[in-house]
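Trainee: from the sequence below, what's the structure:
(one chain, ligands or ions: 1)
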Amino acid sequence: MPDGSRIQYKDALSVTLEIHPGAAKHVSFMLSSLLELPQRKASGLKLAVLTAYDYPTARVLDEAGLDLLLVGDSLGMVVHGLPDTTGVTMEMMLLHTATVCRGVKRTPVIADLPFASYRTPEEAVSNARRLMDCGADAVKLEGGVSMITQVAAIIAAGIPFVGHIGMLPQSVKEEGGYKKKGKTSEQIDRLIADARALDAAGAVAIVLESIVPDVATQITGLVKASTIGIGAGLGTDGQVLVTHDLLGSFPWFRPPFAKARADVAGETLRAVREYIAEVSG
Ligand code: KIV
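Mentor: Coordinates of the predicted model:
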């Protein structure tokens, strides 16, 4: 983006903020370090989190005033066209994490450890370090009690850690689909045990994915870590969405809880068709 248009964009943003007092309030509180998470949880002001996988998106999201950015392994599906996240590799995560970090000035960046990249504590620490070397501020992996030795090793190595419990996309094959969690008392007990284990290990935040809302709210009240919900109701400390779902840039599938606030795919089709018509006369 040339400097001139960037200044215009920033001016436009500040005008928007002035006429939306809520947004201005949010921007003045936006997170600039993971160390601010406990204070933020205590304040009750919700965290706004989105995924980013490329430089221009990361740069715009950073300027927009998000609290956290996640280089999620969902990139396997919405960027690389894979059927699920189990085909995502460390090389893909390293490339996208470095790309996103180049676009960000303030927003803390969390990077996902992909499928089969944390089978032992040693492997988890080594791959977490590689993501941190790309500029990430924290790493995330899926699982609670069953992954606690890996989580403890990452935290003992001085690497800030974000947990992820509930519906775990990397386990889609074992689970036979994407299933909401917290519907039975056994599942609720397991979720609470997972959240407590991650919290005791020192996770700075925990993603709660596709969990019955009352259970997600209960977990939020039990842990010191900030909870970030996706398909888990409004009782968590923050919300995360896949940016492609928010922007309508992956129209072939969008989860029911994700409200599309733009139609980027539709607008791209329109612009490209207009171009084709103009070029071909
Ligand atoms: O990979 C991802 O984008 C995620 C979010 C869905 C939480 O883990």
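Trainee: going forward, measure contacts between C-alpha atoms and count neighbours the same way
Mentor: OK.
Trainee: contact residues of the chain facing the ligand?
Mentor: Taking C-alpha under 6 Å from any ligand atom as the contact definition, the chain meets the ligand at T51, G72, D73, S74, V242.
Trainee: what about those residues, which one has the most neighbours?
Mentor: Neighbour counts for the residues of the chain next to the ligand, by other C-alpha atoms under 10 Å, peak at D73, which reaches 29 neighbours.
Trainee: in contact with that one, which residues?
Mentor: T85, V88, M93, D112, L113, P114 (C-alpha atoms under 8 Å, 6 or more residues apart in numbering).
Trainee: count the residues that sit near the fifth one.
Mentor: Meaning L113. 24.
Trainee: can I assume T243 is in contact with T51?
Mentor: Yes: T243 is in contact with T51 according to C-alpha atoms under 8 Å; the separation is 5.4 Å.
Trainee: and of the contacts of D73, the nearest to D237?
Mentor: Closest approach between those and D237, by C-alpha to C-alpha: D112, at 19.9 Å.
Trainee: ok, that closest one - contacts?
Mentor: L70, V71, G72, D73, M93, V139, K140, L141.
Trainee: using ChimeraX, define a selection of the buried residues within those residues.
Mentor: What follows is the ChimeraX syntax for the buried subset of the contacts of D112, where burial is set by 16 or more other C-alpha atoms under 10 Å:
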select :70,71,72,73,93,139,140,141
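Trainee: dump the residue contacts of the residue of the stretch 51-200 of the chain found nearest the ligand.
Mentor: Relative to the ligand, the nearest point of the stretch 51-200 of the chain is G72 (3.3 Å; C-alpha to the nearest ligand atom). When contacts are counted by C-alpha under 8 Å, 6+ apart, G72 touches T51, A52, Y53, A111, D112.
Trainee: please redo it, this time with the cut-off set to 7 Å
Mentor: T51, A111, D112 (C-alpha atoms under 7 Å, 6 or more residues apart in numbering).
Trainee: please, which helix or strand holds the spatially most central residue of the chain?
Mentor: In the chain, the C-alpha nearest the mean C-alpha coordinate belongs to L70, at 3.5 Å (C-alpha atoms, centre = their mean). According to DSSP states H and E, L70 maps onto strand 68-71.
Trainee: helices and strands around that strand, which ones?
Mentor: Packed against strand 68-71 by the contact rule (3 or more C-alpha pairs under 7 Å, 6 or more residues apart in numbering; DSSP states H and E) you find strand 47-51, strand 109-112.
Trainee: can you list these in CSV and add mean pLDDT?
Mentor: Below are those laid out as CSV (pLDDT from 0 to 100):
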stretch, mean pLDDT
strand 47-51, 98
strand 109-112, 98
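Trainee: quick check: which of those is buried the most?
Mentor: strand 109-112 (a mean of 27; mean count of other C-alpha atoms under 10 Å).
Trainee: now do stretch 82-89: distance to the chain's middle.
Mentor: 16 Å (C-alpha atoms, centre = their mean, to the nearest Å).
Trainee: now it: buried residues?
Mentor: Result for stretch 82-89 [16+ other C-alpha under 10 Å]: buried residues D84, T85, T86, G87, V88, T89.
Trainee: in contact with the fourth one, which residues?
Mentor: If a contact means C-alpha under 7 Å, 6+ apart, then G87 has G76 as its contacts.
Trainee: try 8 Å
Mentor: Applying C-alpha under 8 Å, 6+ apart, the residues near G87 are G76, F115.
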